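Undergrad: Okay, here's the prediction I keep looking at, along with the sequence it came from:
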Amino acid sequence: MHRKEGVLRPVRGNRIVAILAAGGLTLAAAACGEAPKESTPGSSTSAAAAYKACMVTDTGGIDDKSFNASAWAGIQAAQKEATNVDPKYVASSSEADYEPGLRNYVSQGCNFILAVGGLMGTATTKVAKESSKSQFAIVDSGSESPNVYPMQFATQQAAFLAGYLAAGYSKTGKVGTYGGLKIPPVTIFMDGFADGVAHYNTAKGKNVQVLGWDKKAQNGSFAENFGDQNKGKSITQTLVSQGADVIMPVAGGTGLGTAAVAKDSAGKVAVIWVDQDGCTSAAQYCDVFLSTVIKNIEEAVKEAVVKGAKGETLSATPGYVGDLSNNGVSIAEFHSFDSKVDATLKSELEKLKADIIAGTVKVESASAPK
Amino acid sequence: MTAETNTEAPKKPAPADQESFLSVFTRNLWSSNNVLITTLSIVLAVVIGAVLIVVSDADVLAKFGYFTARPSDALTASWTLISEAYADLLKGAFGDPAVFQAWFNGTATWQEAFAPLSETLTYAAPLVFTGLSVALAFRGGLFNIGAQGQAVLGCIVAAVAGFTFGLPIVLNLIVALLAGIVGGALWGFVPGLLKARTGAHEVITTIMLNYTAALFLSWLVIQKGVQAPGRTDAISKSVAESAQLPSPGGILRVHLGILIAVLVTFGVAWLLKRSAFGFEIRAVGANPHAAQTAGISVGKTYVLLMAVAGGLAGLGGATQVLGTAYALTPAVAGNIGFDGLLVALLGRNRPWGTFFAALLFGALRAGGNRIQSYAGISLELVTVLQALIVIFIAAPAVVKAIFRLRAARNTAAGVSLAKG
């Protein structure tokens, strides 16, 4: 192989030094502030021992606007309630990071180690069995290990109410839904929604159609992501052109595209939001949200952490299952639609909620927690 | 052809003026050789990383606001932050002296002492294979961006073989590993064939096949017969225990894959240096037209080379799924294929260089986990550190200019990458 000899001439280093010096001077000019008084650290250490609440995210990261973000918000909310809570988190960049992430927290002596998401289930059980003295918790998954506190959600129950509401509110007789990805935490919403519509049809002898999800075939429309508003717009426009006038996007930020379409429709299209009340999480579109299917991860995590911080035990069985009875899942108030939803429908929804809690109406989903 | 595999330029006659060994050594030490540039790149990246650590910490930054009034505050805080962060990086990658101490005192187990090293090797093992895949293809003049897709295919086929056949111990593992190689080789063979037959550029075709592989995987894991029974989320059955790469178990995740990686690196080095096929690869890589004229079938070499490179990446995927993950999920391969590109670049497309680059990346990942967990510094910073190292290595002129290195007799550094 022929090799060139010494072709790369060294650039004059002086220039680089000069640039660095100039930069340094600029910084120095900005550094002329007043020094604070030397303060001896006071003896104001809080009486209670710190309760280290440590969270390992799944590969979605801390800003996923979904369960990782909600769980982290829950831990932070717990800190306000129980001041001895000392929160920290690590984000996993790949699935191979789950085990080391959890183990690093075990070796740091964390009192409460939270794993987020069903795919972390195996890693959490494995590490929990190795470190039987540590307290673990997991969102959206069960666990076989006695020191793991599982937090699961019967989201289909609230989505069922939303489906009933949508069917009752719809003027065209068609309602739509679509998901971000075809994964259980998403399709559980769509299953409940479709069943709610079907229940309305049997109760009222109507034929309201669901576009975008076929529960029996477990197939429907998906945006394949959780952040592309334009994709959300185009899917929504398709659903609207097929006649849907109530749409439930289960797709995180992608769903904002649906809200935008609804806003442009001047009241013809209404949106049912998911996860957190749309009027707080996407307040700019509050006037198009008919309601929200709330999955209250934040509250569940907060309660678990506060309980732990107070020294109460978190028992693995039955763990926590959020449903309509404990407000772990619910549908939000109607906000600007309050006057447009008629009183009969409202009372039917109340009745239906009571029936589901009592077990006289059963809502099932393949993705429901077992 | 085997007789004339030695392509090294004939040795130059000894210089007329004889110098002492020591003076030659010291002169060459500060000239721009590969080892020095790599080391200095790492040093530069660490320095810039330190600046970023300080800048990203609000508390320390606030102390810089009154730097002129009392510089000690800012300097001490910065030093504490930086030294703790890098200490955590090293402890997470190689071991914590305190834990070793505890082990000697009998308060910790040897597993705990060696866990960090085990993490480094666990992260490094698949990167060795994907790195070698990219490096080998590069030596033949092909830019294999498809290591990711090939690794994904390796994962898929190895895992399916691992939970389907139920063969006896040892045999099951060997079959699963071979299946992974075949899967990856197939995914490399296609772009190789397209390149040889139609001239389709391998960069385009391999990128497209990356998407195909990733989407195929996310479709496959939720199919009946693949998806784990009783699960509704996207996760497959676990591979049989007999098909898993042997590992000490417990907190030590390191597995046989790293030893296989050493052997394969030997193999690739031998292939490139000593075999007829290796000679053809290098000849085609240096100048395909000349190689054609000399009677080498360029097309055949491309096809074979891409298949071998794909097989290597596939083996990387197989070690990931048989050694660490044990089950398929849509993100099972993580980023090992794309990291393989960086590893090959860092290793200057040489087998052993790639091997050690993979170890470095493994150490950064393992240490990065600890930095994030203990010091609360984001994992992105470690990624930035990796990127900086690669940037400096890809632009050796910058390093030379900053450290005013003398140009060496053989500046392979600039040449080997300039061709890319």
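TA: Perfect, I can see it now. Computed from a predicted structure; not experimentally measured. Numbers count the residues shown, from 1 in each chain, chains lettered A, B, ... in the order given.
Undergrad: Tell me where chain B has strands.
TA: Remark: no strands are assigned in chain B by DSSP state E.
Undergrad: Report the outermost residue of it with respect to its centre.
TA: Taking Cα atoms, centre = their mean, the residue of chain B most remote from its mean C-alpha position is residue B:69, at 46.8 Å.
Undergrad: quick one: contacts for the closest residue to that one other than its chain neighbours?
TA: Setting aside the residues directly before and after it, residue B:69 is nearest to residue A:35 in space (Cβ to Cβ, 6 or more residues apart in numbering or on different chains), at 3.8 Å. C-beta coordinates here come from the backbone N, C-alpha and C atoms, glycine included. By Cβ atoms under 8 Å, 6 or more residues apart in numbering or on different chains, the residues touching residue A:35 are B:66, B:69-70, B:73.
Undergrad: any idea of the mean pLDDT in stretch A:128-138?
TA: For stretch A:128-138, mean pLDDT is 92.
Undergrad: Let me fix that, I meant to ask about stretch B:48-61.
TA: Here the average pLDDT along stretch B:48-61 is 88.
Undergrad: is chain A contacted by that stretch?
TA: No: judged by Cβ under 8 Å from any Cβ of the partner chain, stretch B:48-61 makes no contact with chain A; its nearest approach is 10.7 Å.
Undergrad: Let me know the secondary structure of residue A:247.
TA: strand (DSSP: H, G, I helix; E, B strand; the rest coil).
Undergrad: So which bits of stretch A:58-77 are buried?
TA: For stretch A:58-77, the neighbour count (16 or more other Cβ atoms under 10 Å in any protein chain shown) marks A:58-60, A:64-77 as buried.
Undergrad: how about that stretch, does it reach chain B?
TA: Yes: Stretch A:58-77 comes into contact with chain B (Cβ under 8 Å from any Cβ), by way of residue A:59.
Undergrad: Next, the distance between the ends of that stretch.
TA: The separation between the terminal residues of stretch A:58-77, taken as Cα to Cα, to the nearest Å, is 20 Å.
Undergrad: coming back round to it: hmm, the residue farthest from the centre of chain B is touching residue A:34, no?
TA: Yes: under the criterion of Cβ atoms under 8 Å, residue B:69 makes contact with residue A:34 at 6.1 Å.
Undergrad: related to what we said a few turns ago, looking at the buried residues of stretch A:58-77, which are in helices?
TA: A:67-77 (DSSP state H).
Undergrad: got those as CSV, with pLDDT columns?
TA: Listed next are these as CSV, based on pLDDT from 0 to 100:
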residue, pLDDT
A:67, 81
A:68, 87
A:69, 86
A:70, 88
A:71, 92
A:72, 93
A:73, 91
A:74, 93
A:75, 94
A:76, 93
A:77, 93
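Undergrad: what residue ranges in chain B score low on pLDDT?
TA: By pLDDT under 70, the low-scoring segments of chain B are B:1-19, B:28, B:32, B:408-420.
Undergrad: what do you get if the cut-off is 50, keeping everything else the same?
TA: Applying pLDDT under 50 to chain B flags residues B:1-10, B:12, B:14, B:411-420.
Undergrad: give me every residue that touches the residue of the stretch 251-370 of chain A found nearest chain B.
TA: Closest residue of the stretch 251-370 of chain A to chain B, Cβ to the nearest Cβ: residue A:367 (4.8 Å). Under the criterion of Cβ under 8 Å, 6+ apart, the neighbours of residue A:367 are A:156, A:184-185, A:187-188, A:191, B:232.
Undergrad: quick check, nearest of those residues to residue B:38?
TA: Closest to residue B:38 out of these is residue A:185 (44.7 Å), distances taken as Cβ to Cβ.
Undergrad: can you pull the contacts of the closest one?
TA: When contacts are counted by Cβ under 8 Å, 6+ apart, residue A:185 touches A:67, A:118, A:140, A:155, A:367, B:233.
Undergrad: Can you convert those into JSON lines and add a column each for distance to residue B:137?
TA: Below are the contacts of residue A:185 laid out as JSON lines (distance: Cβ to Cβ, whole Å):
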{"residue": "A:67", "distance to residue B:137": "40"}
{"residue": "A:118", "distance to residue B:137": "37"}
{"residue": "A:140", "distance to residue B:137": "41"}
{"residue": "A:155", "distance to residue B:137": "47"}
{"residue": "A:367", "distance to residue B:137": "42"}
{"residue": "B:233", "distance to residue B:137": "36"}
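Undergrad: Residue A:115 in helix, strand or coil?
TA: At residue A:115 the chain is in strand, as set by three-state DSSP.
Undergrad: pretty sure it is touching residue A:139, no?
TA: Yes: Residue A:115 is in contact with residue A:139 according to Cβ under 8 Å; the separation is 7.4 Å.
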